[in-house]
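In: below is the sequence, then the predicted model.
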Amino acid sequence: MALSQTKVPERIRRVTNDLQKYGVDALLLKNMEESERQKVSIRYLTGFSGSSSLALLIPKLPKGRTFLTDGRYELQSEEEVREDLWDIVIQKDQRVLREAYRNMRDFGVQRLGLLGDEVSWDFVASELPKNLPGVEIIRLPNIILENRRTKDEEEIKFIVKSLRIIEDAIRALIPKIRPGVSETELEGFLNQEILKRGGTPWPEGAIVASGYRSAIIHGQASSKLLERGDILQLDVGCTYKGYYSDISRVVIVGRATEKQKEMHAAIVYAIDETARLYIPGANCHVVRNAARDALMRAGFPDFAHGLGHGIGLAMHEPPRTSLAVTPDQTLQAGDVLTNEPGIYEEGFGGMRIEETIHITKHGPIVLNNLPRDLIEINV
């Protein structure tokens, strides 16, 4: 599904300014069916959602922007890439890189910038010197990923729409939950509901885990049949115009026990205690540890994953409220990220509730509208 193109000029302007700071003549974005991150970088800057393309930016030229792909994507690029912003080059023989090298030689590129974490060492050390002799290769920090972190109003709209699709799909799923149905059956029904509402199911697969399997943090749907009394952990989402949603809710197949109610109440408490810390300047370690402290006050242990992750054109992107990031990392206005504490007990089950929060200069805004209540199924 094509992205709106209204924000692409501003994205190009910001990235061009970043390039000038590093003193490079050009930036080459390369996605030759290699990685999702490369594909997302090109999509962010051009709108193109195909799996094989190059984008070449040369800031010193009046329209120093060339988008290259092969004949398989000619019609798609006409639909998704703005011709007033990009010179579109279609290589019928699929030798797209060869055309990019020719363009760089013709334009006199001497210092070529690459996103260091998106290209292979073989490409930098062997392929480029052979085809661009004398050109200095500059491995840049991922300036596209840095720019993607701050979401504009259009991106917020797409994320919210993606959330509404999956929330409505969950509502439609609830009547299908009963003893004897399999986790994979529920996932299949959920995917149908997503498609009916204009979304695209996660390519990664949903987490639909019941009973003892709900304690598996990334317990994707299996053939296990639901049983009376099971905890059913849903960690699901979809995409809309390329933008991800990610939400977790908990269902009990029957009436909840006191222990299940206590677990759920503790998680809600931890979410509320941490959500108020989702403000510009908040330290990511401090926010993560606040969830731990809240659960421990409620009598439960810490959990073995990060508290939250950024979300947008990728399911997981900066920032991360996790102890795995460097201790100086902070949240900033424009961030959109999840808040998802959990409790897991092997052999008994686990629970996680997940919300998506937009950080503004005025404070946090929760983007979900599906209640966090513990859902009990009458069986």
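Out: Cool, the structure landed.
In: name the nearest residue to residue 185, ignoring sequence neighbours.
Out: Closest residue in space to residue 185, ignoring its immediate chain neighbours: residue 176 at 7.9 Å, by CB to CB, 6 or more residues apart in numbering. (Glycine included, C-beta is placed from N, CA and C.)
In: per-residue confidence for the one you found?
Out: What the model reports for residue 176 is a pLDDT of 98.
In: got the domain ranges for this protein?
Out: Taking automatic domain parsing as the domain assignment, the ranges for the chain are 8-147, 153-376.
In: residues in contact with the residue nearest to residue 185?
Out: 185, 186, 189 (CB atoms under 8 Å, 6 or more residues apart in numbering).
In: residue 284 now?
Out: Counting by CB under 8 Å, 6+ apart, residue 284 touches 319, 320, 321, 322, 325, 329, 330, 331.
In: quick one: which of these is the most crowded by neighbours?
Out: residue 321 (30 neighbours; other CB atoms under 10 Å).
In: how many neighbours does the nearest residue to residue 340 once chain neighbours are set aside have?
Out: With CB to CB, 6+ apart as the criterion, residue 340 has its nearest non-adjacent residue at 3.7 Å, and that residue is residue 354. The number of residues packed near residue 354 is 22, by other CB under 10 Å.
In: likewise for residue 17?
Out: 11.
In: now it: how far from residue 57?
Out: According to CB to CB, to the nearest Å, residue 17 stands 11 Å off from residue 57.
In: just to revisit the earlier point, looking at the contacts of residue 176, which are in helices?
Out: 185, 186, 189 (DSSP state H).
In: present those as CSV; the columns should include distance to residue 256.
Out: Putting these into CSV (distance: CB to CB, whole Å) gives the following:
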residue, distance to residue 256
185, 23
186, 19
189, 23
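In: and for residue 234, nearest residue in space, chain neighbours not counted?
Out: Distances taken as CB to CB, 6+ apart put residue 249 closest to residue 234, at 5.1 Å, once the chain neighbours are dropped.
In: just the element for the one you found, please.
Out: For residue 249, the enclosing helix or strand under DSSP states H and E is strand 247-252.
In: and the following helix or strand past that strand, average pLDDT?
Out: Later in the chain than strand 247-252, the nearest helix or strand by DSSP H and E is helix 258-275. The average pLDDT for helix 258-275 rounds to 98.
In: try stretch 358-370
Out: Computed over stretch 358-370, the mean pLDDT rounds to 97.
In: do stretch 278-285 as well
Out: Across stretch 278-285, the per-residue pLDDT values average to 98.
In: what does stretch 218-237 give?
Out: Across stretch 218-237, pLDDT averages out at 97.
In: got the end-to-end distance for it?
Out: Stretch 218-237 has its terminal residues 14 Å apart, counting by CA to CA, to the nearest Å.
In: in that stretch, what's buried?
Out: For stretch 218-237, the neighbour count (16 or more other CB atoms under 10 Å) marks 219-221, 224, 226, 229-237 as buried.
In: who does residue 200 bridge with?
Out: Beta-bridge partners for residue 200, by DSSP bridges, are residue 239.
In: strands of the stretch 201-350 of the chain, residue ranges please.
Out: All strands of the stretch 201-350 of the chain, identified by DSSP state E, counting those that start in this stretch, fall at 207-210, 231-236, 238-240, 243-244, 247-252, 308-310, 317-321, 336-339, 342-345, 349-352.
In: ditto for the stretch 51-200 of the chain
Out: 52-57, 65-70, 87-91, 111-115, 136-140, 200-201.
In: so in this protein, which helix runs the longest?
Out: The chain, longest helix under DSSP H: helix 153-173.
In: tell me what angle that one forms with strand 247-252.
Out: Relative orientation of helix 153-173 and strand 247-252, computed by axes from the mean of the first three to the mean of the last three CA atoms, to 10 degrees: 20 degrees.
In: packing partners of helix 153-173?
Out: For helix 153-173, the packing partners by 3 or more CB pairs under 8 Å, 6 or more residues apart in numbering; DSSP states H and E come out as helix 183-196, strand 231-236, strand 238-240, strand 243-244, strand 247-252, strand 336-339, strand 355-360.
In: name the surrounding residues that touch the shortest one.
Out: Where contact means CB under 8 Å, 6+ apart, the residues beyond strand 243-244 that reach it are 155, 158-159, 161-162, 202, 237-238, 311-315.
In: for the third one, same thing?
Out: Strand 238-240 has contacts (CB under 8 Å, 6+ apart) with 1, 158, 161-162, 165-166, 169, 194, 198-202, 244-245.
In: OK, contacts around the residue nearest to residue 180 when sequence neighbours are not counted?
Out: Closest residue to residue 180 apart from its sequence neighbours, by CB to CB, 6+ apart: residue 225 at 5.6 Å. The neighbourhood of residue 225, defined by CB under 8 Å, 6+ apart, consists of 179, 180, 181, 182.
In: hmm, which of the residues you listed are the buried ones?
Out: residue 182.
In: tabulate the contacts of residue 225 (JSON lines), appending pLDDT and distance to residue 144.
Out: Below are the contacts of residue 225 laid out as JSON lines (pLDDT from 0 to 100; distance: CB to CB, whole Å):
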{"residue": "179", "pLDDT": "98", "distance to residue 144": "48"}
{"residue": "180", "pLDDT": "98", "distance to residue 144": "48"}
{"residue": "181", "pLDDT": "98", "distance to residue 144": "43"}
{"residue": "182", "pLDDT": "98", "distance to residue 144": "41"}
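In: tell me which of the contacts of residue 225 is nearest to residue 41?
Out: Using CB to CB, residue 182 comes nearest to residue 41 of the contacts of residue 225, at 38.2 Å.
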